[in-house]
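**Student:** using only what follows, build the 3D model:
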Amino acid sequence: MEILIKGQEFLVYLIFIMFVTGILKERGYLMDIFRLLEQKVKSKRMVVFLVSLFGGILPIPGRVALSASMLNSIAPVDNKKRKKFGIIDYLATHHYYLWSPLEKTVIIPMAVLGLTYTQFMSYIWPLLLISVLYVTYYILSLDDDEIDIEVKDEPINVKNITMVVIPFLATILMCVFLTKYYFGFFTGFTLWLVYYSKSWNKLMGYIDWELIWIVALVIILGNLVGSYYSVIESYIKQYSKPEYILVVSVISFLSSFMLGSSAKYASIVSLLTSVFGMQYFVLFFTLEYSAYLISPSHKCLPIGQRYFHTGFMTYLKALIIWISLMMTYALLTIL
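**Tutor:** Below you'll find the predicted structure:
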């Protein structure tokens, strides 16, 4: 029975995240913060970056869809000038997979491997640091003259910012820094948002039941591996040689590359780590994350191409240095 139950409390947390994401997206509560940034921030490249940063905070499929649609309203007509919008939008929205307590890529490993948020971040923080430094470098390397925006003087609903956006951002920060009480904080905000938006009758429609079943199954498989780990440990040792790890790494990378799904790559990472041990967690996480970033099946790439005419090779050139730096660190963790 423990195999079936252990870790499933994360499913409740995941459902609450779906409620919050669905309400924020449908009601457009974040649009006011976008307009505020456009009107108040002087640097054009920072406007694009910050709009993308806030737009990417919601864990939705094709997460750049929200920020891209907003950026599209201020982007120039010239396609050549629009291409950099796609890169900035992508970089500013995809670091969340490394740290955000709203992300499946954080929740699934925590649930399957029995990690607290603090323990998870103790493994991942160097990857996050590399990512922040690279994104900062890329943004600062751009000249403001390379970015052209058309700011529109649209009205801002201050009430939505005060009653929803600020509490939402505060809740995320509290979940990150007061990790012991993250579930209580997020439950409180979820109940407040449902009350404020009066969305009781729509909540069930926000739940992705397929994802819930996948996560539940992965948790059970992880528990199963954990409960019989002493039995299979002798078998694992003989397959923990570098050549076997290399084969597993290549296969898992190609799988994540073809799937282009954050939930599926997080599941692969969690199950492989359950089998081979926590010493390979950073390696597997970096491999699958990197494969996901450059996957042709990744929904964000065609969205960027549609809005900003940013081609796949343009993305690849911007991402290859970032991925190389992360992979270098990941390899160092197993040497």
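**Student:** and stretch 322-335, which residues are buried?
**Tutor:** 322-323, 326-327, 330 (16 or more other C-beta atoms under 10 Å). Glycine gets a C-beta too; all of them are placed from N, C-alpha and C.
**Student:** where does pLDDT dip in the protein?
**Tutor:** 1-4, 7, 62, 74, 76, 144-153, 226, 228-242 (pLDDT under 70).
**Student:** ok, longest helix in it?
**Tutor:** For the chain, the helix with the greatest residue count under DSSP state H is helix 117-141.
**Student:** can you pull the buried residues of that one?
**Tutor:** Result for helix 117-141 [16+ other C-beta under 10 Å]: buried residues 117, 120-121, 123-124, 126-127, 130-131, 134-135, 138-139.
**Student:** stretch 200-213 now?
**Tutor:** Neighbour-count burial for stretch 200-213 [16+ other C-beta under 10 Å]: 203, 206, 208, 211.
**Student:** before we move on, what about stretch 32-52?
**Tutor:** Applying 16+ other C-beta under 10 Å to stretch 32-52 flags 32-38, 41, 44-52 as buried.
**Student:** repeat that for stretch 303-310.
**Tutor:** By neighbour count on 16+ other C-beta under 10 Å, the buried set for stretch 303-310 is 303-305, 307-308, 310.
**Student:** next: stretch 80-92.
**Tutor:** Going by 16+ other C-beta under 10 Å, stretch 80-92 has these buried residues: 82-92.
**Student:** keep only those of the buried residues of stretch 32-52 that are in helices.
**Tutor:** Those of the buried residues of stretch 32-52 lying in helices (DSSP H): 32-38, 44-52.
**Student:** hang on, isn't Arg45 packed against Ile88?
**Tutor:** Yes - with contacts counted by C-beta atoms under 8 Å, Arg45 reaches Ile88, the gap being 7.2 Å.
**Student:** can I get the helix or strand harbouring Asn223 as CSV, trimmed to CA atoms?
**Tutor:** Using DSSP states H and E, Asn223 maps to helix 209-227. Extracted in CSV, the C-alpha atoms of helix 209-227 (Å, rounded to 0.1, in the frame of the first residue of the first chain):
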residue,chain,number,x,y,z
TRP,A,209,-6.0,14.4,-16.2
GLU,A,210,-3.6,12.7,-18.6
LEU,A,211,-0.7,14.5,-16.9
ILE,A,212,-2.0,13.6,-13.4
TRP,A,213,-2.2,9.9,-14.4
ILE,A,214,1.3,10.0,-15.8
VAL,A,215,2.8,11.6,-12.7
ALA,A,216,0.9,9.2,-10.4
LEU,A,217,2.3,6.3,-12.4
VAL,A,218,5.9,7.6,-12.3
ILE,A,219,5.6,8.1,-8.6
ILE,A,220,4.4,4.5,-8.1
LEU,A,221,7.2,3.2,-10.3
GLY,A,222,9.8,5.2,-8.4
ASN,A,223,8.4,3.8,-5.1
LEU,A,224,8.6,0.3,-6.5
VAL,A,225,12.2,0.7,-7.5
GLY,A,226,13.0,2.2,-4.1
SER,A,227,11.3,-0.6,-2.2
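**Student:** ok, Val165 to Tyr182 distance?
**Tutor:** Distance, Val165 to Tyr182, by C-beta to C-beta, to the nearest Å: 19 Å.
**Student:** helices and strands around the helix holding Asn223, which ones?
**Tutor:** Helices and strands touching helix 209-227, as assessed by 3 or more C-beta pairs under 8 Å, 6 or more residues apart in numbering; DSSP states H and E, comprise helix 2-5, helix 9-27, helix 104-113, helix 262-276.
**Student:** quick one: closest of these to Val158.
**Tutor:** Nearest to Val158 among those is helix 9-27; the distance by C-beta to C-beta comes to 15.6 Å.
**Student:** quick revisit: name the residues contacting each of Arg45 and Ile88.
**Tutor:** Listed as contacting both Arg45 and Ile88 by C-beta atoms under 8 Å, 6 or more residues apart in numbering are 139, 142.
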